[in-house]
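Peer 1: A structural model of the following input is requested.
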Amino acid sequence: MNALTETLHGQSRMAATIGLCFLVALLEGLDLQAAGIAASGMATAFSLDKMQMGWVFSAGILGLLPGAFAGGWLADRIGRKRVLIASVALFGLFSLATAYAWDLSTLIAARLLTGVGLGAALPNLIALTSEAAGTRLRGSAVSLMYCGVPLGAALAAAIGIAGYAADWQLVFQIGGVVPLLILPLLWMYLPETSDFRTASIRSNPTNLRTDLLGQSATWLLWLSYFFTLMVVYILINWLPSLLVNQGFSSINASWVMFALQIGAAIGTLALGVLMEHLPAWATAALVYVGILCALAGLGLAEDLTGMLVAGFVAGFFATGGQGVLYALAPWFYPARVRATGVGAAVAVGRLGAMSGPLVAGQMLALGTGTAGVLLASAPGIVVAALALFHLGMRRPARLPD
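Peer 2: Numbering: from 1, shown residues only. I've put the predicted structure just below:
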């Protein structure tokens, strides 16, 4: 009876962790897509050109970088739950501040600080979910949690489809109020993981260098994260504007983004399940071949149907592949530095995510066009594919203690 009670208790803790982390991921996805959906309205309200919009996009992504590293580092010292709650409060407050910005400087500052909160949340979501799930279910659990991100982005796209994109503040108001409302739920019902409670946490910098920088897996993860997130964030931030420039209406552009995010949610779940049944290297090969095909499709499609299909495939493999990276990273770090290792990888990925919109904005300003921007992403995807393929060959059989 005691064993049965303990099993049921463990399952309920796992379900509560995955469910609450999924909810936070949903809100993170809503905010990450919000800037792309609101771009046209923001540009009109503040008289912004393409380069200025590139800075608005990149400010939010820049905040993700220190947020991810600091959030992971703090989580290994004071707990995943505490840092996650603080992160949710931070991105909720500054998403609201975005809606009430009065000039370009305050808009950029609000997006930067929103990004810090969002960045700090993600490594904690990954650590909480991966540690709450058993070894057999870890890949599926992280993928299930992370599919909240594209579903939240799809919700933002639905706001655009419903015709509210012109009222650009609305999506940020929703993305600010709801996170603040769920803080009591996180405090009362989100359990801290047993891995954190029992791990021997060491803050010695020498140990960190050995555990992180001393192994080649870290560098391979960083390469994969950097180039994969570069492409994902070009799509998230610039694709709606690129489609409008190609002659699509803003409503049709929102439909393409909706297709992309639905594809992302399905891809995240499907690829997460595949990770439990296929070798990691095979999953990596499938993901990056799919991304290359999707980029070609987005660059060459000329009608709405073709663009919807290309958008769905891009979401399935690009964001779904991002979910594979997030599920894979915890396998290479012991519990005492797991959140730090994941946070560092996410932070490096944010460098790629930050550079993507800036590079795309510069290329568009030079007259490259949509096809040029998307096809120029292909070499980085090949590098990411090779790194993840090699990493997949080396994945350990179980999480290190």
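Peer 1: now residue 33: phi and psi?
Peer 2: phi -80, psi -20 (degrees, to the nearest 10).
Peer 1: list the contacts of it.
Peer 2: 152, 153, 154, 156, 157, 236, 257, 261 (C-beta atoms under 8 Å, 6 or more residues apart in numbering). (C-beta placed from N, C-alpha, C; glycine too.)
Peer 1: what's the helix or strand for the third one?
Peer 2: Going back to what we said before, that points to residue 154. Assigned by DSSP states H and E, residue 154 belongs to helix 148-161.
Peer 1: after that helix comes which helix or strand?
Peer 2: Per DSSP H and E, helix 148-161 leads on to helix 169-189 as the next helix or strand towards the C-terminus.
Peer 1: so which elements touch that next one?
Peer 2: When contacts are defined as 3 or more C-beta pairs under 8 Å, 6 or more residues apart in numbering; DSSP states H and E, helix 169-189 packs onto helix 2-46, helix 80-99, helix 148-161.
Peer 1: now the angle from the shortest one to helix 2-46?
Peer 2: Right, helix 148-161. Angle, helix 148-161 to helix 2-46, by axes from the mean of the first three to the mean of the last three C-alpha atoms, to 10 degrees: 40 degrees.
Peer 1: who are the packing partners of helix 148-161?
Peer 2: helix 2-46, helix 169-189, helix 250-277.
Peer 1: please identify which of these is closest to residue 359.
Peer 2: Residue 359 lies closest, by C-beta to C-beta, to one member of the helices and strands packed on helix 148-161: helix 2-46, at 16.2 Å.
Peer 1: which of the helices and strands packed on helix 169-189 is buried the deepest?
Peer 2: The highest average neighbour count among the helices and strands packed on helix 169-189, using mean count of other C-beta atoms under 10 Å, belongs to helix 148-161 at a mean of 25.
Peer 1: now that helix: mean pLDDT?
Peer 2: Helix 148-161 shows a mean pLDDT of 80.
Peer 1: now do it: distance to the chain's middle.
Peer 2: Its chain's C-alpha centre and that of helix 148-161 lie 13 Å apart, by C-alpha atoms, centre = their mean, to the nearest Å.
Peer 1: next, residue 367: secondary structure please.
Peer 2: Under DSSP: H, G, I helix; E, B strand; the rest coil, residue 367 falls in the coil class.
Peer 1: that one: neighbouring residues, count only.
Peer 2: By other C-beta atoms under 10 Å, 7 other residues sit near residue 367.
Peer 1: tabulate the contacts of residue 33 in CSV, adding columns for distance to residue 223.
Peer 2: Output for the contacts of residue 33, formatted as CSV (distance: C-beta to C-beta, whole Å):
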residue, distance to residue 223
152, 27
153, 25
154, 29
156, 30
157, 30
236, 21
257, 28
261, 26
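Peer 1: wait, which of the residues you listed is closest to residue 366?
Peer 2: Taking C-beta to C-beta as the measure, residue 366 sits nearest to residue 236 out of those, at 21.7 Å.
Peer 1: the helices and strands packed on helix 169-189: which one's closest to residue 330?
Peer 2: The nearest among these, by C-beta to C-beta, is helix 80-99 at 11.9 Å.
Peer 1: in TSV: the helices and strands packed on helix 148-161, plus distance to residue 85 and mean pLDDT.
Peer 2: Shown next, in TSV, are the helices and strands packed on helix 148-161 (distance: least, C-beta to C-beta, whole Å; pLDDT from 0 to 100):
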stretch	distance to residue 85	mean pLDDT
helix 2-46	10	78
helix 169-189	5	89
helix 250-277	24	82
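Peer 1: for residue 224, find the nearest of those.
Peer 2: Distance to residue 224, taken as C-beta to C-beta, is lowest for helix 250-277 among the helices and strands packed on helix 148-161, at 14.0 Å.
Peer 1: list the buried residues of that closest one.
Peer 2: Buried residues in helix 250-277, counted by 16 or more other C-beta atoms under 10 Å: 250, 252-269, 271-272, 274-275.
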